[in-house]
Every structure is written in C-alpha cells, then in structure tokens.
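Student: Let me see the structure of the following:
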Amino acid sequence: MRQVRSVMASSTFVLVMLLLQGCAAKWWWGSESGQEGQAQAELISEPMIKVIPPDDRHLIDSRTSPAMQSELFSRNATGLAHETFGDVLFDFDQDTLRMEAMRALDADAKHLQHDRATRLLLEGRGDDFGTSAYNLVLGERRARNVQSYLRELGLSIDVTTTSYGKDRPLCFEYSDDCRRRNRSVHFVVNE
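Tutor: Residues are numbered from 1 along each chain as shown. Predicted coordinates:
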C-alpha cells in the first residue's frame, strides 16, 4: 500500500508540475488562439533613424580663430620650406599612392638628390572625418608608404615619418578642397 501511495503521490506531483509549466507557458507566451499575435502587435517598432548630412553653414569658413591658425602654422613649419616639393595627396580613407603621386615622387627624389638633402621628415595627415586615433594611424600608413616608395627609387638619405592625423591640419576651412589637401603627406627637408 505504501508503494501504491508513493507512486500515486509521485505521479500526482509530476502531473501538477507539468500542468503548472503548461499554464505558465500559455500565460507568458499567449495561447494559440490569437493572443500570440496580439502580443506581437503590441510591440512598439523603433522609428527609422534619418541620416541628416552635416550643415556647415552655421560655421565660419575657418575651423579655428586667426590666432589659433597662426599658432598652428608656426607649429606646422617644422623645417625649411621648399616650393619644389608638393604634398602627396591621397583619396578619402586610403593610404595607397595614386599614379600622379608616384610621378611627383619621382621628381621629388631627383630634387632631393640634386639639393644634397641629408634628412627628410614625412608628415602624414588626415582630414577631419573619423576619430583622432584613426587618423593618426592612417597618416602614419600614408607617410610610410611614401617612405617605402622613395626607398624603392633609391633615395639614400635619412627619411623618417610622423603622423599628425587630423590634429595639425595644413588647411583650416570646412571645404572639400581643404579636406583633400589635409589627406596628404607633407615633405619637411632638413639640410
């Protein structure tokens, strides 16, 4: 008799647990008779995020005040100015040399050998898009690619690289032309 009661108590307990789990599932998820669809219909869908292009009209044509511009110009002038060397320009978010850049670097290497320069600093830069850290890395990759190309050309002077990212721009305006100019490697010749 004890065994029968024990089996019946165990069976009853298991049956009650199964019923409770079934009821809880129906309560939580809704029944199959349409409450499930009702629960899904009550979910609030998120509104689409609109991409609004930046409006630069509220900004003055310059990124910085005239006093800050002159300070940055003096900080950027870290070597002798050579009008024969143009900046090596890069496409947006790219560090590969373009064909016109390679032709300009061929001429620059000849000028450097002719002028008997002993040291060259390549300053890599980025535009104002992206984070400072990202532009520092991108500017360094740009400068190193120019350095590698000059070495392939056989330039045998001391060439070092640095990156200023977007923190030391050569051009201070919010314009496409200015951003294009900042996506560059700038030559600083130390004789």
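Student: can you give me the strands for the chain?
Tutor: In the chain, the strands defined using DSSP state E lie at 88-89, 119-125, 158-165, 184-190.
Student: what comes up buried for the last one?
Tutor: By that I understand strand 184-190. Going by neighbour count (16 or more other Cβ atoms under 10 Å), the buried part of strand 184-190 is 184-189. All C-beta atoms are positioned from the backbone trio N, CA, C, and that covers glycine.
Student: now those residues as TSV including distance to H111?
Tutor: Formatted as TSV, those follow (distance: Cβ to Cβ, whole Å):
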residue	distance to H111
S184	18
V185	16
H186	15
F187	10
V188	14
V189	9
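Student: neighbours of the nearest residue to F90 once chain neighbours are set aside, just the number please.
Tutor: Residue nearest to F90 in three dimensions, not counting chain neighbours: R183, with 4.7 Å by Cβ to Cβ, 6 or more residues apart in numbering. Close neighbours of R183, defined as other Cβ atoms under 10 Å, add up to 25.
Student: distance of R183 from E140?
Tutor: 14 Å (Cβ to Cβ, to the nearest Å).
Student: Show the contacting residues for L97.
Tutor: 88, 90, 105, 145-146, 149 (Cβ atoms under 8 Å, 6 or more residues apart in numbering).
Student: at 7 Å instead, please
Tutor: Applying Cβ atoms under 7 Å, 6 or more residues apart in numbering, we find L97 in contact with 145, 149.
Student: now it: how far from F172?
Tutor: When L97 is compared with F172 (using Cβ to Cβ), they lie 26 Å apart.
Student: quick one: least confident helix or strand in the chain?
Tutor: Ranked by mean pLDDT, DSSP states H and E, the helix or strand of the chain with the weakest confidence is helix 35-41, at a mean of 50.
Student: can you list the weak-confidence ranges in this structure?
Tutor: 1-11, 14-84, 191 (pLDDT under 70).
Student: try 50 this time
Tutor: Counting by pLDDT under 50, the ranges of the chain that qualify are 25, 27, 31, 39, 49, 51-53, 55-63, 75, 77-82.
Student: Break it into its domains for me.
Tutor: Residue ranges for the domains of the chain, per automatic domain parsing: 2-41, 62-190.
Student: sorry, back to before: who touches the residue nearest to F90 in this structure?
Tutor: Counting by Cβ under 7 Å, 6+ apart, R183 has contacts 89-90, 92, 125-127.
Student: just the buried members of the residues you listed?
Tutor: By 16+ other Cβ under 10 Å, those give 89-90, 125-127 as buried.
Student: Pick out the most distant pair among those residues.
Tutor: By the measure Cβ to Cβ, L89 and G126 form the most distant pair in the buried ones among the contacts of R183, at 12.0 Å.
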